[in-house]
Every structure is written in structure tokens, then in C-alpha cells.
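**Q** Here's my sequence, what's the structure:
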Amino acid sequence: MISMISSVGKNGELGRKNELIWHIPKDMKFFKNTTMGHVVVMGKNTYESLPGDLPGRKMVVLSFDKIVGNVETVYSVEEILNKYLDIDEEVFIIGGASIYSQFIKYANKLYLTEIDDECSDADTFFPEFDKNEWNREVLDMGNHNGINFEMCKYVRKS
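**A** Down below sits the predicted model:
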């Protein structure tokens, strides 16, 4: 089962210069707790932006180049889908923007921390999706440095 997890601004902003825009401790903890014990799939830029390995998770990097490190390198979307699409366990797509775009049509769930803020110089965005095709549930909410956010789970309607 393919799931996606991210934090997004009001306009779908994901990042700027290969870095996160917002650093919200509660969101970071939500990401860690939600993905713990699961496979996480990312692109090369996302992998390179991490401060290190993600303990307790199997890291898979989609890249044209062999990645050196504590990761499995896969070379195509099809390879990931063949291995993970039809299993019962959640496999998390964690970025970046092009990886989200390639997998959103296969995702069953989206875990989005929706941040009530904008970033005018964002250079990467979460793909647009039709919210009418999903059931939305607010799992938690909070405020960090005056910015409100909601942690939401979208489940694709059958």
C-alpha cells in the first residue's frame, strides 16, 4: 500500500533550495512516529537533504545513480510499484516534489501537515490533487511560532 507524507503550505509549498521551509517540532515527531518501522521511498535530492539515516525505517532511494549508504537504490517507479504496491503494509513516499508527482496516482493515503502560511520563494510544491476524491480526517493540530497547522489524513474514496 502506497502512502505519502509531507508538510505543505497554503499553496502546496514543500521546500526551498532543497530544504524544508517550516521546522515544526510537532510535525517532525508526527513524521517520525507515522513512518517508524516502515519503508520510506525518496528521491536522491531528498536523501541528500537528510541530516543522516532515518533509524527504524528501511530507506529506498529512487535514482538514476547507485547511492552509497545504508539505503536500497531503485532505478524506476515500476520497480517500486512491483515490489510494494500490493502489500498490506504501508510504504511511505517522503519526497521530493517529482517523486510525489510520480506516485500520487497510486497512493491510498496522504498524511499532510497543512500549514496556515505561505512562502513566496518556495521552489518545490506538492502535486495538486482533487480533494473530492479523498476523505479528510484531522488527526491533530497546533500552533508553532504563531503559525497554525493541522495534521490530516486523506484516504482515497473507493
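**Q** Please count neighbours and contacts with C-alpha atoms only from this point.
**A** Noted.
**Q** doesn't residue 157 make contact with residue 135?
**A** Yes - Residue 135 is in contact with residue 157 according to C-alpha atoms under 8 Å; the separation is 6.4 Å.
**Q** hmm, who's touching the lowest-mean-pLDDT helix or strand in the chain?
**A** For the chain, counting by mean pLDDT, DSSP states H and E, strand 19-20 ranks last in confidence among helices and strands (a mean of 88). Strand 19-20 has contacts (C-alpha atoms under 8 Å, 6 or more residues apart in numbering) with 14, 49.
**Q** so after that strand, what's the next helix or strand?
**A** For strand 19-20, the succeeding helix or strand toward the C-terminus, using DSSP states H and E, is helix 25-35.
**Q** Give the buried residues for that following helix.
**A** Using 16 or more other C-alpha atoms under 10 Å as the burial criterion, the residues of helix 25-35 that qualify are 26, 27, 30, 31, 35.
**Q** can you check stretch 81-97 too?
**A** For stretch 81-97, by 16+ other C-alpha under 10 Å, it's 84, 85, 90, 91, 92, 93, 94, 95, 96, 97.
**Q** ok, which stretches of the chain are strands?
**A** 2-8, 13-16, 19-20, 39-43, 58-62, 72-74, 91-93, 109-115, 124-125, 134-144, 147-156 (DSSP state E).
**Q** So for the last one, mean pLDDT?
**A** To tie it back to what came earlier, the one meant is strand 147-156. The pLDDT scores in strand 147-156 average 98.
**Q** now swap in stretch 91-99 and tell me
**A** On average, stretch 91-99 scores 96.
**Q** circling back: can you lay out the buried residues of stretch 81-97 as TSV showing distance to residue 11?
**A** Below are the buried residues of stretch 81-97 laid out as TSV (distance: C-alpha to C-alpha, whole Å):
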residue	distance to residue 11
84	30
85	29
90	27
91	26
92	22
93	20
94	18
95	17
96	16
97	13
